[in-house]
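Undergrad: I'll drop the sequence and a predicted model, then ask my questions.
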Amino acid sequence: MLENQEQFINLVKEKNKNKNLKYSILTMGCQLNENDSEKLAGMLEEMNFTQINDYKNADLIVFNTCCVRENAEERLFGKIGEIKKIKENKNVILAIGGCMMQEKNMLDKMKSSYPFVDIIFGTHTMQNFPEDVYKAIQNNEKVKDIIDIDGEIYEGLPIKRNSKFKASVTIMYGCNNFCSYCIVPYVRGRERSRKPEKILEEVKSLALEGYKEITLLGQNVNSYKGNDKIKNFADLLNEVCKIEGIERVNFISPHPKDFTDDVIDAIKNNEKISRIIHLPLQAGNSKVLKEMNRKYTKEQYLNLAQKMLDEIPGLTLSTDIIVGFPGETEEEFEDTLDVVRKINFEQIFMFIYSEREGTVASRRKDQIPDEIKHKRFNKLKELYESRVDENNKKYIGTNQKILIEGQSKYNNETFEGRTSTNKVVIIDKNDNYKVGDSVKVKIVEDHRWYLKGKVV
Ligand code: 5AD
Ligand code: SF4
């Protein structure tokens with residue numbers, strides 16, 4: 001934590017004394033954003049604000065925005081309109097931050113059309129948030145705190161985590177890949193890796209606090225760069241797995257082009273690493289992949305996926321797929337379906353291509369009409385769902401270790417947890433175990449979106 005920011009934390013804390021002020025954070029987008037929001041929450045708690053879910057009753061509202069796909073913008077503007085009305089009757093501080101604010105056209109729009117927003121902050125200046133809040137409270141000043149250059153990494157920000165058992169740990173920021181459809185490299189800047197000793201320190205202290213499951217986060221985790229001793233992502237995985245108390249380790253997202261053999265070995269050698277690995281495909285056709293600037297062909301992807309499945313017993317794969325990239329023909333889309341048929345993905349995150357201003361793909365004239373994009377999306381969804389039930393059958397009769405996360409949303413009488421392959425498992429509630437316990441279960445029933453287990 002920066003020293004001058006600690007001063008601002010203390011100043012705001014003093015001002016908020018005995019006022020019982022509430023804050024609410026609305027987070028859009030990926031787990032990196034969720035992790036940033038946990039840090040914003042950590043700073044706000046230190047400033048004597050208390051978290052509530054219902055933003056309509058909050059004294060300070062933060063939007064942590066995402067700009068990867070365009071529907072997020074409509075949602076944001078809808079919510080800002082709602083808050084404008086609340087602000088007319090009540091003193092509420094409205095802060096908007098995250099990726100969307102790093103986009104020049106969005107920032108201009110915010111300034112011209114939404115002048116009542118109190119704080120606008122970017123992804124590289126989050127550590128100054130206490131100062132922004134102080135200025136907004138003290139001077140009633142509109143604060144804009146955004147820089148274009150790649151941010152430094154600030155260690156030691158306070159953090160208020162959403163779970164007591166599962167924690168995310170960001171290992172790197174930014175992306176150098178410039179996939180032609182993607183805005184992330186423009187808003188999150190170039191790759192910056194955290195020092196391995198800082199990451200391990202954080203995971204060790206999480207283990208001491210009782211956390212059992214860790215997710216290592218980054219836009220491109222397997223291009224992580226460490227130091228002389230812990231050189232790369234494989235080394236980091238091996239070290240994280242040595243930490244006592246941590247029972248499960250996940251990571252998102254790796255890039256297929258950087259999936260080296262030492263990472264495959266690290267997964268194979270460490271049972272703690274989840275048996276579901278996210279391997280974003282994006283498209284199944286080599287020409288489309290080239291135009292996406294993904295740096296692998298259909299065959300290379302298939303070979304890598306098959307090699308991983310062959311070498312690591314019990315492994316499953318999840319993936320991201322975009323349909324309707326500019327110029328994608330029906331035949332080329334068929335290649336995506338072909339890969340889905342060949343690799344029995346455990347989970348598929350499906351996206352309709354969304355034009356992002358400033359990216360290479362958005363300048364193309366051969367954009368695909370919405371109707372065709374939706375048709376392809378539905379076709380992919382149908383294929384995926386038709387395989388889910390069959391895929392679930394493989395679990396029947398197997399023993400699985402799950403971490404009990406809480407009451408199940410599928411059935412009040414049951415707890416739910418997840419297998420190492422991220423399948424939801426429900427078990428009957430029983431006095432012998434509680435939330436946060438790891439239990440071994442035998443799978444007795446399969447349903448489309450969850451499995452039923454019996455403790456063994
Ligand atoms: N349109 C649709 N999906 C996108 N993604 C990234 N950019 C776009 C876009 N412009 C998807 C990719 C990525 C995931 C996080 O979001 O599949 O892996
Ligand atoms: Fe975007 Fe590609 Fe970087 Fe992922 S690897 S964040 S899809 S540019």
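TA: Sure, I can see it. Ligands and ions are numbered 1, 2, ... in the order given.
Undergrad: contacts and neighbour counts: CA atoms only from here.
TA: Fine.
Undergrad: helix/strand/coil for the residue of the stretch 1-150 of the chain found nearest ligand 2?
TA: Here the stretch 1-150 of the chain gets closest to ligand 2 at one residue, V68, 8.3 Å apart by Cα to the nearest ligand atom. Following DSSP: H, G, I helix; E, B strand; the rest coil, we place V68 in the coil state.
Undergrad: any idea how far the closest residue to it other than its chain neighbours is from G174?
TA: Closest residue to V68 in three dimensions, ignoring its sequence neighbours and counting by Cα to Cα, 6 or more residues apart in numbering: I183, at 6.2 Å. Per Cα to Cα, to the nearest Å, I183 is found 11 Å from G174.
Undergrad: what's the overlap in contacts for those two?
TA: In terms of Cα atoms under 8 Å, 6 or more residues apart in numbering, I183 and G174 are not both contacted by any residue.
Undergrad: Please identify which of those two sits among more neighbours.
TA: Just comparing I183 and G174: by other Cα atoms under 10 Å the higher neighbour count belongs to I183, 23 against 20.
Undergrad: What's the local residue count around the residue of the stretch 1-150 of the chain closest to ligand 2?
TA: Around V68 there are 20 residues (other Cα under 10 Å).
Undergrad: got a list of what it touches?
TA: Per Cα under 8 Å, 6+ apart, neighbours of V68: G29, C182, I183, V184, R356.
Undergrad: what's the domain layout of this structure?
TA: Segmentation of the chain into domains, based on automatic domain parsing, reads 2-145, 163-274, 298-393, 399-455.
Undergrad: can you count the residues close to K409?
TA: 11.
Undergrad: So which residues on the stretch 251-400 of the chain come close to ligand 1?
TA: P280, Q282, D320, I321, I322, F351, I352, Y353, S354, E355, R356 (Cα under 6 Å from any ligand atom).
Undergrad: helices or strands up against the helix or strand encompassing the fifth one?
TA: Just to be clear, that refers to I322. In this assignment (DSSP states H and E), I322 forms part of strand 316-323. Judged by 3 or more Cα pairs under 8 Å, 6 or more residues apart in numbering; DSSP states H and E, the packing partners of strand 316-323 are strand 276-278, strand 347-352, helix 370-393.
Undergrad: I'd like the ones you listed laid out as a markdown table, including mean neighbour count.
TA: As requested, these are exported to a markdown table (neighbours: other Cα atoms under 10 Å):
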| stretch | mean neighbour count |
| --- | --- |
| strand 276-278 | 23 |
| strand 347-352 | 17 |
| helix 370-393 | 15 |
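Undergrad: between the contacts of V68, which is nearest Y384?
TA: G29 (22.8 Å; Cα to Cα).
Undergrad: now that closest one: how far from ligand 1?
TA: Look at G29 and ligand 1: by Cα to the nearest ligand atom, to the nearest Å, they are 8 Å apart.
Undergrad: what would the domains of the chain look like in TSV with mean pLDDT and distance to S286?
TA: Converted to TSV, the domains of the chain look like this (pLDDT from 0 to 100; distance: least, Cα to Cα, whole Å):
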stretch	mean pLDDT	distance to S286
domain 2-145	91	23
domain 163-274	96	14
domain 298-393	97	5
domain 399-455	93	29
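Undergrad: tally of neighbours for the closest residue to ligand 2 within the stretch 301-450 of the chain?
TA: Using Cα to the nearest ligand atom, D320 is the residue of the stretch 301-450 of the chain that sits closest to ligand 2, at 9.3 Å. Around D320 there are 15 other residues, counting by other Cα under 10 Å.
Undergrad: One more: K434?
TA: K434: 16 surrounding residues under other Cα under 10 Å.
Undergrad: Excluding covalently adjacent residues, which one is nearest to it?
TA: Closest to K434 by Cα to Cα, 6+ apart is I404, at 7.1 Å.
Undergrad: Tell me which residues touch that neighbour, please.
TA: Contacts of I404 (Cα under 8 Å, 6+ apart): F415, E416, G417, R418, K434, V435, G436, D437, S438, V439.
Undergrad: Specify which member of those is nearest to N57.
TA: Using Cα to Cα, these come closest to N57 at V435, 29.7 Å.
Undergrad: Assign the spatially closest residue to the closest one that is not a sequence neighbour to helix, strand or coil.
TA: Spatial nearest neighbour of V435, chain neighbours left out: I404 (5.0 Å); criterion: Cα to Cα, 6+ apart. Classification of I404 using three-state DSSP returns strand.
Undergrad: Give the bridge partners for I404, please.
TA: G417 (DSSP bridges).
Undergrad: Was I right to think F349 contacts V323?
TA: No: counting by Cα atoms under 8 Å, V323 is not a contact partner of F349; they are 11.1 Å apart.
Undergrad: ok, back up a step: got the angle between the very next helix or strand once past the strand holding I322 and strand 316-323?
TA: For strand 316-323, the following helix or strand on the C-terminal side (DSSP H and E) is helix 330-342. Taking axes from the mean of the first three to the mean of the last three Cα atoms, to 10 degrees, one finds helix 330-342 and strand 316-323 inclined to each other by 170 degrees.
Undergrad: Helix 330-342 packs against which elements?
TA: Looks like helix 330-342 contacts helix 370-393 (3+ Cα pairs under 8 Å, 6+ apart).
Undergrad: when you compare where the helix it packs on runs with where strand 316-323 runs, what's the angle?
TA: 170 degrees.
Undergrad: angle of helix 370-393 against strand 347-352?
TA: Calculated by the same axes, to 10 degrees, helix 370-393 forms an angle of 180 degrees with strand 347-352.
Undergrad: Mind telling me what element G151 is part of?
TA: Using DSSP H and E, G151 falls outside every helix and strand.
Undergrad: secondary structure element for the closest residue to it other than its chain neighbours?
TA: In space, and not counting its chain neighbours, G151 is closest to H124: 4.6 Å by Cα to Cα, 6+ apart. Counting by DSSP H and E, no helix or strand carries H124.
Undergrad: okay but H124 is in contact with Y154, surely?
TA: No: H124 lies out of contact with Y154 (Cα under 8 Å); the separation is 9.7 Å.
Undergrad: Who has more neighbours out of these two?
TA: H124 (24 against 13).
Undergrad: how close does the more buried one get to T65?
TA: 14 Å.
Undergrad: Tell me the helices and strands packed up against the strand or helix carrying Q7.
TA: Using DSSP H and E, Q7 sits within helix 3-16. Judged by 3+ Cα pairs under 8 Å, 6+ apart, helix 3-16 is in contact with helix 31-46, helix 129-138.
Undergrad: and the helix or strand following the first one, which strands flank it?
TA: Okay, so that is helix 31-46. Following helix 31-46 in sequence order, the next helix or strand is strand 50-51 (DSSP H and E). Here strand 50-51 is paired, per DSSP bridges, with strand 22-27 (parallel).
Undergrad: just how off-centre is the partner strand within its chain?
TA: Centroid separation for strand 22-27 versus its chain: 18 Å, with Cα atoms, centre = their mean, to the nearest Å.
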